[in-house]
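Visitor: Sequence first, then the predicted structure, then my questions.
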Amino acid sequence: MIMYAKNLFSLAYFYKNQKSEESKKYFCHSRALIYSGLSCIGLFALSFPVYAEQDIKVPMDLSKWIYNGNQFECKLTHTEVAEGKFYFRALPNNKLFFQIDLSNINKKFVSGELYYQAPPWAVNSSSVPLSSAKLDEKQSARFLKGIDELLLAMQTGHWIKLSLSGNKTSASQALIIPTMQAADAISRFTRCRDNLPAMSYSEARDVVLSFAFGQRNLSTAQTRRLKPLTSYLKADKRVTRILIDGYTDSVGSTVSNLDISRQRAELVAAELKTLGVKPEMLEVRAHGARYPLATNKTEQGRAKNRRVTLRLVRDNESVVPAASTETVKVQ
């Protein structure tokens, strides 16, 4: 019995295929068409650029936002997942940023774009750009702009989108982070931010107020500078003393300079009392022209030397009195 191939893509089996020249013709023709088709597919694929891989999506069942904070720091953290760590952090002096630490992602990225977008089930899921940042060698980045806007968007159900890019187009990829179960944590994070001091410890520990020649009253700018300091004092209960040291330039007599330095330091102490600082915490010290910061031979140097400094002392610190210093306890 002899069987013949009746169409281009059917395979014929023969008991005596050496006698079936017609079948050979069909078989060879079919094979040629298959090879030709595969070659065309390959050329077609090569004629197009390589597109980014599919978006990486953090699973919704693993997504949760957690708040923790204290009087000096507030954090809003996504539960750690295979894709990495993601969190918001607020610090004194209104500092706020969104941090990403990527992990278990095969590609190396060099930059990222931060967006928010509607959840996938929404009718309009277009993305809104906020800011960009460079990724370091550890695949970490800190976004500084648009973070308040992002938090507001999260409260209305929007998700976070990160568009990550490498040195090549093929390295681009999007990372989607859900924001479900975030409303309560965001509210607590916001309340914590509202209570952060307007200065950090490093900023509040040593404050310097410069004075003009002959100035005997505090300026508006100097008064404004003291208000953030008092907000820090309310937060840090470990501060037990505030040293207020007055200095002058070398113009004038030793006695008059000592008197002027004391008057200026007392002006600062009085303003702190007005702002709510306990008098027993304040210690005024007058130095006159002693301990200059710069030369008194130039106007620029003398301007640096006319100053009142404030230094915070915590409960675990001791203070060594300066030599030849007039000390006044504020009543």
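Guide: Structure received.

Visitor: show me where the protein has helices.
Guide: With DSSP state H as the definition, the chain shows helices at residue ranges 21-46, 147-155, 183-194, 201-205, 220-235, 254-274, 299-305.

Visitor: Would you point to the one among those that's packed deepest?
Guide: Relative to the other members of the helices of the chain, helix 254-274 carries the highest mean neighbour count by mean count of other CB atoms under 10 Å, namely a mean of 19. Every residue, glycine included, has its C-beta placed from N, CA and C.

Visitor: Could you measure from the closest residue to A204 other than its chain neighbours over to S210?
Guide: Beyond its immediate neighbours in the sequence, the residue positioned closest to A204 (CB to CB, 6 or more residues apart in numbering) is Y232, lying 4.1 Å away. Using CB to CB, to the nearest Å, one obtains 20 Å as the distance from Y232 to S210.

Visitor: for A204, same thing?
Guide: 18 Å.

Visitor: just F72 next, same as before
Guide: Using CB to CB, one gets 28 Å for the distance from F72 to S210.

Visitor: in the stretch 51-200 of the chain, which spans are strands?
Guide: Counting by DSSP state E, counting those that start in this stretch, the stretch 51-200 of the chain has strands at residues 56-57, 65-69, 74-78, 84-91, 95-102, 111-117, 127-134, 140-143, 159-165, 173-177.

Visitor: Tell me where the model's unsure across the stretch 101-250 of the chain.
Guide: 169-170 (pLDDT under 70).

Visitor: from what I can see A185 touches L76, true?
Guide: Yes - under the criterion of CB atoms under 8 Å, A185 makes contact with L76 at 5.9 Å.

Visitor: Phi and psi next, for F213.
Guide: Main-chain torsions, F213, degrees, to the nearest 10: phi -60, psi 130.

Visitor: pretty sure it is touching R306, no?
Guide: Yes - with contacts defined as CB under 8 Å, F213 counts as touching R306 at a distance of 6.8 Å.

Visitor: list residues touching both of these two?
Guide: Any residue near both F213 and R306 by CB atoms under 8 Å, 6 or more residues apart in numbering counts here, and that gives D249.
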